[in-house]
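>>> I'll drop the sequence and a predicted model, then ask my questions.
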Amino acid sequence: MTAYTLRRLRPSAALLGPYPRLTKKLLKLALELFGSGEKENAPRLQALLLVRQMGLVLPPPALQTCLRGAYRAYAANARFVSPASLPALAFMAAGVVELSTLDLIVTYQVGFVAIRELAVLLRNALSQKTQDAHKEVYCWQTLNCLELWVKVLSAAAAKGTTLQPLVYPLTQLLLGAARLVPTPRYFPIRLRLVRALNRLGQATGVYIPVSPLLLEMLHWSELKRTPTGGAGAPPDMLLLLRLSKTQLKMAALQEEVVNQVLELLADHLRQWSTSVAFPEASHLPVVALRGFIKGCAVERFRRSAKQLVVAIERNVVYVGNARDSVTFAPQDLAAAGRFLSEEKEIDKAPLVQFATQLLQKAAARMAMRSEAATQVLKLGGAGGNSNKNSSSKRRRAEEEEEGDSEDDEHQEHRGDFGELVAAGDVSEDVEDEDLIAGAAKKHIRQKEKKLKRAAAAAGGDAANGIGDAVADEIAEYHLSDEDEDEDEDAGGGDAAGGDDSDSTDDLDPHNAAARGGGGGGEGAKKGSKGPHPHHRQQKGRGSHRGDKQGGRQKQKGGKGHRGGKLKKHKH
């Protein structure tokens, strides 16, 4: 529905001229849709076509606004790169390139400001002496924006020389970014920038000295000795900004670095394989490659470098033979530009053929890697249920471990009863029965106390029958003879004494005396210590040591009854 609406709005874009506010809102919505992460490409494509139509038919500065908005949408989405986001970024880059070719003058104005902003980031990174100063440049957003302007200038080179003044600052910016942190850990960024420089030089016809950047990588100390890292597939260099120390020692990664360096060097020299100055331009790379062959300890690296050296030397002989027969002077640039022009069109130079083979091998290697990644994703989707089951089992085990740890912590605070359970004297079933019985007895005794208060308010004679009224209910929970005696004594004590303060003490959770305790003296008060809220009780009697002490002090006072004792049940 969205794609249909945008497609129907496109022919009416010219009618938006008298309504600048409506035009601004529609352009904003179209750019948001263009930069959205929707899986369907149809709405995004229609949004791009609408933005393009608005830039063409609306009066200035509509095209400049559209191009600037599209560039900002791309920069906002270029902060992170993953295998899933690469197609979307490629689509957006193609859209920005399409808008930039509509009017090269407008593109120059927008590109000048954008390249200047990127240059300010590089200047700040070079001027600041902090450890993280380079992170503003060595990030996905900056690198993707640099590559985008390389694509824009490369596409505009075939349509004129309007953007030619931007080639030099962009080249200097790429070279400076490549040399910002010259360490092996940032080899992926250097290879990425060298690839962009090769593309820019090939499209614009400008010689860019990228061979020093590549030859410096061959002086890496790890390449002079046998790899010590573990086996495994090399990581995808297009999806990395920095390599780890473990990855640097991998034999597969070192092989990948050497292969890409030789491929990019062959691609760079291939562009000038028919130039009249090729023998001089290829002299230093050949010398550096021979030094690498002499110092490298890996045979396959030496063999690959030797093949490239042989191809370069053959091309030097080919160009030298053709140069010996020329009649123009070196200052005749027009005639020098036509040197071996026919051979250049048919790719007849020896180095061109060798570089083409290397690039084909690199494309095949990347295709195999992408296919392997696709298979991994499929296997991951097929094994989703097993992963879920394993994760649920792992989560359940963690919860059980947490429960065990909580039980251990809880048992540490249980006092004598915890020690008794830990010793194995009381089983789990007995413990559960005791807890249930204790809770029921507590409920009955609370009911009994309410009846006592009502009887005390009505008269002393009514209190004498309280123990008989609840005796049947208490007997249902298999109380021992001692418990029944305590309950009867408690009922009698309360009826005889008629003191409500004793009942209040029984309701206090911090009182460690027996639940059926009557009017205890001062000894009972001193001996009563409140049990911990987490302490469990067995058959309603106190399980803390304070209970025993309170019981002894009650007996010593002569006014209280026996305190709660911990009884070990025999089953």
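Now that the structure is in, tell me what you want to look at.

>>> Downstream of the one helix or strand L143 maps to, the next helix or strand is which one?
According to DSSP states H and E, L143 maps onto helix 140-157. Using DSSP H and E, the helix or strand that directly follows helix 140-157 along the chain is helix 167-178.

>>> Which residue ranges of the stretch 251-400 of the chain form helices?
Per DSSP state H, counting those that start in this stretch, the stretch 251-400 of the chain carries helices over the ranges 251-271, 278-281, 283-295, 299-323, 333-337, 341-345, 350-382, 384-412.

>>> right, I mislabeled it, should have said the stretch 101-250 of the chain
104-127, 140-157, 167-178, 187-204, 211-217, 245-248.

>>> Those: which one's closest to P18?
Closest approach to P18 among the helices of the stretch 101-250 of the chain (C-beta to C-beta): helix 104-127, 22.4 Å. For every residue, glycine as well, the C-beta is placed using N, CA and C.

>>> Pull the residues that contact that closest one.
61, 63-64, 67-68, 71, 100-101, 133-134, 136-137, 142, 145-146, 149, 152-153, 156, 159-160, 162-163, 165-166, 169-170, 173, 176-177, 180 (C-beta atoms under 8 Å, 6 or more residues apart in numbering).

>>> buried subset of those?
63-64, 67-68, 71, 100, 133-134, 136-137, 142, 145-146, 149, 152-153, 156, 163, 166, 169-170, 173, 176-177, 180 (16 or more other C-beta atoms under 10 Å).

>>> What residues of stretch 354-368 count as buried?
In terms of neighbour count (16+ other C-beta under 10 Å), stretch 354-368 has its buried residues at 354-355, 358, 362.

>>> now the strand or helix carrying P43 and helix 104-127, what's the angle there?
Assessed by DSSP H and E, P43 sits inside helix 41-57. Angle, helix 41-57 to helix 104-127, by axes from the mean of the first three to the mean of the last three C-alpha atoms, to 10 degrees: 110 degrees.

>>> Check which element follows helix 41-57 along the chain.
helix 62-77.

>>> could you say what helices and strands that next one packs with?
helix 20-34, helix 41-57, helix 86-100, helix 104-127, helix 140-157 (3 or more C-beta pairs under 8 Å, 6 or more residues apart in numbering; DSSP states H and E).

>>> Show the pLDDT at the closest residue to Q202 other than its chain neighbours.
Leaving aside its chain neighbours, Q202 sits nearest to Q271 (5.1 Å; criterion: C-beta to C-beta, 6 or more residues apart in numbering). For Q271, the pLDDT comes out at 91.

>>> my guess is Q271 meets L200, correct?
No - the pair Q271 and L200 fails to qualify as a contact (C-beta atoms under 8 Å) at a distance of 10.9 Å.

>>> circling back: could you dump the helices and strands packed on helix 62-77 to TSV with distance to S211?
Converted to TSV, the helices and strands packed on helix 62-77 look like this (distance: least, C-beta to C-beta, whole Å):
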stretch	distance to S211
helix 20-34	39
helix 41-57	38
helix 86-100	27
helix 104-127	22
helix 140-157	18
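
>>> Which one, of those helices, ends up nearest to T2?
helix 41-57 (4.5 Å).

>>> Mean confidence (pLDDT) on the closest one, please.
Here helix 41-57 scores 93 as its mean pLDDT.

>>> what does that helix contact?
For helix 41-57, the surrounding residues in contact (C-beta under 8 Å, 6+ apart) are 2-3, 6-7, 9-10, 13-14, 16, 23, 26-27, 30-31, 33-34, 36, 38, 62-63, 65-67, 69-70, 91, 95, 98-99, 102.

>>> again, but for stretch 189-206
138, 143, 146-147, 150-151, 153-155, 157-158, 164, 167, 170-171, 174-175, 177-178, 207-208, 210, 213-214, 217, 237-238, 241-242, 257, 260-261, 264, 267-268, 271.

>>> Quick one: low-confidence residue ranges for the stretch 251-400 of the chain.
370-400 (pLDDT under 70).

>>> likewise the stretch 1-150 of the chain?
38-39.

>>> try 90 this time
Filtered on pLDDT under 90, the stretch 1-150 of the chain yields the residue ranges 1-5, 17, 35-42, 60, 82-87, 128-133.

>>> Show me what counts as buried in stretch 293-303.
Quick answer for stretch 293-303 (16+ other C-beta under 10 Å): 293, 296, 298, 301-302.

>>> Grab the CA positions of it and hand them over as CSV.
The C-alpha coordinates for stretch 293-303 follow below in CSV (Å, rounded to 0.1, in the frame of the first residue of the first chain):
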residue,chain,number,x,y,z
ILE,A,293,60.6,-13.3,-1.0
LYS,A,294,64.1,-13.4,0.5
GLY,A,295,62.9,-12.8,4.1
CYS,A,296,59.6,-14.7,4.2
ALA,A,297,59.6,-18.2,5.8
VAL,A,298,56.4,-19.5,4.2
GLU,A,299,56.8,-21.2,0.9
ARG,A,300,53.4,-20.4,-0.5
PHE,A,301,53.8,-16.7,0.2
ARG,A,302,57.1,-16.7,-1.6
ARG,A,303,55.6,-18.5,-4.5
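
>>> could we number from 690 for the rest of this?
Right, with 690 as the first residue, what we last looked at is stretch 982-992.

>>> what does it contact?
With C-beta under 8 Å, 6+ apart, stretch 982-992 has contacts from 912-916, 943-944, 947, 981, 994-995, 998.

>>> 7 Å instead, please
By C-beta atoms under 7 Å, 6 or more residues apart in numbering, the residues outside stretch 982-992 that reach it are 912-915, 947, 994-995.

>>> Buried among those residues? Make that a PyMOL selection.
Burial among the contacts of stretch 982-992 is assessed by 16+ other C-beta under 10 Å; the matching PyMOL selection reads:
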select buried, resi 912+947+994
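
>>> ok, the buried residues of stretch 982-992 vs L1022, which is closest?
Using C-beta to C-beta, the buried residues of stretch 982-992 come closest to L1022 at I982, 36.1 Å.

>>> before we move on, the earlier item: pull out the buried members of the contacts of helix 730-746.
Of the contacts of helix 730-746, these count as buried by 16+ other C-beta under 10 Å: 692, 695, 698-699, 702, 705, 712, 715-716, 719-720, 722-723, 751-752, 754-756, 758-759, 784, 788.

>>> Quick check: T963 touching I1035?
No - look at T963 against I1035 with C-beta atoms under 7 Å: they stay out of range, at 10.3 Å.

>>> just curious, which of the buried residues of stretch 1043-1057 is nearest to P974?
P974 has its nearest neighbour among the buried residues of stretch 1043-1057 in A1044, at 13.0 Å by C-beta to C-beta.

>>> Could you measure from the closest one over to R959?
Here A1044 is placed at a distance of 4 Å from R959 (C-beta to C-beta, to the nearest Å).
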